[in-house]
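S.K.: Here's my sequence, what's the structure:
(2 chains)
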Amino acid sequence: MVRLAISDNHDEFRSLFEEHRGGVFRFLYRLAGNRHDAEDLLQDTFARFWRKRAQYRGDGSLAGYLRRIAYRTFLNARTRLARSRSAAPIDEVDPADGAAGPGERATGDDYHRFLRVRIREAVDALPDGWREPFVLFRFEGLSMKQIAAAMDLTPKAVELRLARALKRVATVLKDLQAEHGGAR
Amino acid sequence: MNRLEQLRAFVEGTLPDAERDAFLREVEQNPELAEMLEAYRVFADATANDPVPESTTSFADVTRRTPSIRRRLTVAAVAAVALLAVAVSFWGRGSGDAVDTGPGVVSLQAVVLRSPQKGEVPEPVPPPPELAESYRPDDGETIDWLDDLDDALSIARYAGRPVLLFVDYPGCPLCAMYEHDVFPIGAVRDAADAFVMLRLTWNEAPAELRTDPSRGWPIFPVLDHAGKRIDGFSGYKTARPLERWIRAASKRIGKTGRFSPVAWKQVNSLAKRARAESLSYADLDALAQENPAGRFGAFARSRIQVLHNRAETALRDARDATPAEARRILEDARKELRETPYAHDLNAVLSSLGKTGAFPRLENAK
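M.R.: Okay, the predicted model is just below:
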């Protein structure tokens, strides 16, 4: 793989692209929150990788290296992206999920649907620096070290951000449960 | 596997049995962990069926994005023309004409535009509290730049660190590369912690710091606490060489001491008190006189110094600006500094500017 990464051969680059396209796309989709921007960033990521192929020294996994480029590409584009900040992209959220609002006396399944929607909203409302590692942790199954390498942070910093994110979400959940304590 | 990874594995049912029991015991004893576990479980449940669509990007889409030599040359040519245009616009503007040609004379009472004398070491003052509150060199994802020279010098005096100034200009391609590829690198940020980091655009930087950019953009002068250039370089360095340069400069200058966290804590606590009490200028002045040797007196003096700097900066900026810009700068500052002695000086300059259209000569300004 290292040989392919540093090669100038377009055919080899093509096979490398095919091999890693899915993983990088998934990573970017979770960060960008919608398919259109993720496709755009995917193209930028591989174009950037191709331009900088000589810099890859092969001293780590290529998937990790690509994630790092992808994250950097995402950061550069973050301000211009018309990004849907949804941890679960909005076009895949069942509109019926929001049926039971806080003002209603929801019970049973309605109550759980209501909780799920509110928790998604709480995650979406997290600061970018907390939400991004949290989303990667949840959906990509990455370890702290892998997230840290992609985001150019220390594992300790990632752990701290994840813990803060989770505590904030937990506080929201606790408030909701206190507010609707009788609904369960 | 750390505790959060254990939590995730527990929710996903992949935690080994041996660790599972220990984890559950810990959850029972730690209510905070239990709450986090519950929150993660609900979120995982809410997003259990979130499929990722297949990517439709083809290899051809990527190769179209890789710029050809011709495109790169076009971009370089456009950047060169833009650079030339910016340079011509700055050099053509000149500076200080308004001071020499203005017929009016305004006598300043409160604000004295004064440069530090040779050999003079200003009295250390705490940094402005609003900066102390926000300036956390170790907490950001990129370098935490200050954007005001006076504030940076104030912090430099207090922290015992020199200032590393980054001078750029709008549209500078190498500056953008620094921003995207170099400044976010952790090793560079760590090295930069030995300095107070200040970023100014070309027209904001004092004339004496606008060194010859013929060796490339951007410019990185290093300043001592009095604002004098003591080191520096210009041009582009990638992360590792920049980190090495910063460390070497720090060693050369001999000011490697990091800021004491205890001191930051004290300043932060003062800042909180000031915010809560919303001290007026009169209160600050009284405090400075009542408690001349104490910490709160020092803080009050630093607050007054911030207001003073604000007035000085406005006058300096206005002096170098066109009449319309000068009026706007002075009016903004007057609004911020109302109910302080500085408002009087700003008023006087504004009224003189209104009569003649030219910036007046400032008496008492050294």
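S.K.: Nearest spatial neighbour of residue B:221, chain-adjacent residues omitted?
M.R.: Using Cβ to Cβ, 6 or more residues apart in numbering or on different chains and skipping residues adjacent in sequence, the residue nearest residue B:221 is residue B:232, 3.8 Å away. Using the backbone N, CA and C atoms, a C-beta is placed for each residue, glycine as well.
S.K.: and that neighbour, what is it in contact with?
M.R.: With contacts defined as Cβ atoms under 8 Å, 6 or more residues apart in numbering or on different chains, the neighbours of residue B:232 are B:165, B:211, B:219, B:220, B:221, B:222.
S.K.: go with 10 Å
M.R.: Counting by Cβ atoms under 10 Å, 6 or more residues apart in numbering or on different chains, residue B:232 makes contact with B:164, B:165, B:167, B:209, B:211, B:219, B:220, B:221, B:222, B:223, B:245, B:249.
S.K.: Go through those and name the one with the lowest pLDDT.
M.R.: Sorting the contacts of residue B:232 by confidence puts residue B:211 at the bottom, with a pLDDT of 64.
S.K.: picking up where we left off before, how about JSON lines for the contacts of residue B:232, with distance to residue B:51, neighbour count and secondary structure added?
M.R.: Supplementary listing: the contacts of residue B:232 in JSON lines, determined by distance: Cβ to Cβ, whole Å; neighbours: other Cβ atoms under 10 Å in any protein chain shown; DSSP: H, G, I helix; E, B strand; the rest coil:
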{"residue": "B:164", "distance to residue B:51": "48", "neighbour count": "26", "secondary structure": "strand"}
{"residue": "B:165", "distance to residue B:51": "50", "neighbour count": "27", "secondary structure": "strand"}
{"residue": "B:167", "distance to residue B:51": "50", "neighbour count": "25", "secondary structure": "strand"}
{"residue": "B:209", "distance to residue B:51": "56", "neighbour count": "18", "secondary structure": "helix"}
{"residue": "B:211", "distance to residue B:51": "57", "neighbour count": "16", "secondary structure": "coil"}
{"residue": "B:219", "distance to residue B:51": "51", "neighbour count": "23", "secondary structure": "strand"}
{"residue": "B:220", "distance to residue B:51": "49", "neighbour count": "20", "secondary structure": "strand"}
{"residue": "B:221", "distance to residue B:51": "54", "neighbour count": "22", "secondary structure": "strand"}
{"residue": "B:222", "distance to residue B:51": "54", "neighbour count": "21", "secondary structure": "strand"}
{"residue": "B:223", "distance to residue B:51": "55", "neighbour count": "24", "secondary structure": "strand"}
{"residue": "B:245", "distance to residue B:51": "49", "neighbour count": "16", "secondary structure": "helix"}
{"residue": "B:249", "distance to residue B:51": "52", "neighbour count": "21", "secondary structure": "helix"}
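S.K.: Need the max-distance pair from these.
M.R.: B:209 and B:245 (18.1 Å; Cβ to Cβ).
S.K.: Specify which member of the contacts of residue B:232 is nearest to chain A.
M.R.: Ranked by distance to chain A (Cβ to the nearest Cβ), the contacts of residue B:232 are led by residue B:245 at 20.0 Å.
S.K.: So, low pLDDT: which residues of the chain?
M.R.: All of this is about chain A. The model of chain A has pLDDT under 70 over residues A:1-9, A:57-59, A:79-109, A:180-184.
S.K.: that's the wrong chain, I wanted chain B
M.R.: B:64-72, B:88-103, B:114-141, B:158-159, B:211-215, B:254-279, B:287-299, B:365-366.
S.K.: Of all residues in it, which one is nearest the centre?
M.R.: residue B:146 (1.5 Å; Cα atoms, centre = their mean).
S.K.: How much space separates it from residue B:220?
M.R.: Counting by Cβ to Cβ, to the nearest Å, the gap between residue B:146 and residue B:220 amounts to 15 Å.
S.K.: likewise residue B:74?
M.R.: With distances defined as Cβ to Cβ, the gap from residue B:74 to residue B:220 amounts to 29 Å.
S.K.: Let me see the domain layout of the chain.
M.R.: Chain wasn't specified; assuming chain A. In the domain annotation for chain A, the residue ranges read A:2-77, A:94-183 (automatic domain parsing).
S.K.: that's the wrong chain, I wanted chain B
M.R.: B:3-46, B:63-93, B:102-112+B:261-363, B:138-253.
S.K.: Distance to residue A:119 added to those, as a markdown table?
M.R.: Conversion of the domains of chain B to a markdown table gives the following (distance: least, Cβ to Cβ, whole Å):
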| stretch | distance to residue A:119 |
| --- | --- |
| domain B:3-46 | 5 |
| domain B:63-93 | 37 |
| domain B:102-112+B:261-363 | 33 |
| domain B:138-253 | 26 |
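S.K.: picking that back up, hmm, the residue nearest to the centre of chain B is touching residue B:161, no?
M.R.: No - using Cβ atoms under 10 Å, residue B:146 is not in contact with residue B:161; the gap is 11.9 Å.
S.K.: now the helices for chain A?
M.R.: Listed from the start of the chain, chain A has helices (DSSP state H) covering A:2-6, A:10-32, A:35-51, A:62-77, A:108-124, A:128-139, A:144-151, A:155-179.
S.K.: ok, back up a step: ok, now how distant is the residue nearest to residue B:221 from residue A:32?
M.R.: With distances taken as Cβ to Cβ, residue B:232 is found 40 Å from residue A:32.
S.K.: One more: residue A:45?
M.R.: 11 Å.
S.K.: Need the residues touching each of the two.
M.R.: Applying Cβ under 10 Å, 6+ apart, one finds that residue A:45 and residue A:32 are jointly contacted by residue A:74.
S.K.: what's the neighbour count on the residue nearest to residue B:15 when sequence neighbours are not counted?
M.R.: For residue B:15, ignoring the flanking residues on the chain, the nearest one in space by Cβ to Cβ, 6+ apart is residue B:9 at 4.0 Å. The local packing count at residue B:9 equals 17, with neighbours defined by other Cβ atoms under 10 Å in any protein chain shown.
S.K.: Now residue B:9: phi and psi?
M.R.: Backbone torsions for residue B:9, taken as degrees, to the nearest 10, come to phi -60, psi -40.
S.K.: doesn't residue B:1 make contact with it?
M.R.: Yes - Residue B:9 sits in contact with residue B:1 when judged by Cβ under 10 Å, with a separation of 7.0 Å.
S.K.: Pull up the overlap in contacts between the two.
M.R.: With the criterion set as Cβ under 10 Å, 6+ apart, the overlap between the contacts of residue B:9 and residue B:1 is B:15, B:16, B:19, B:23.
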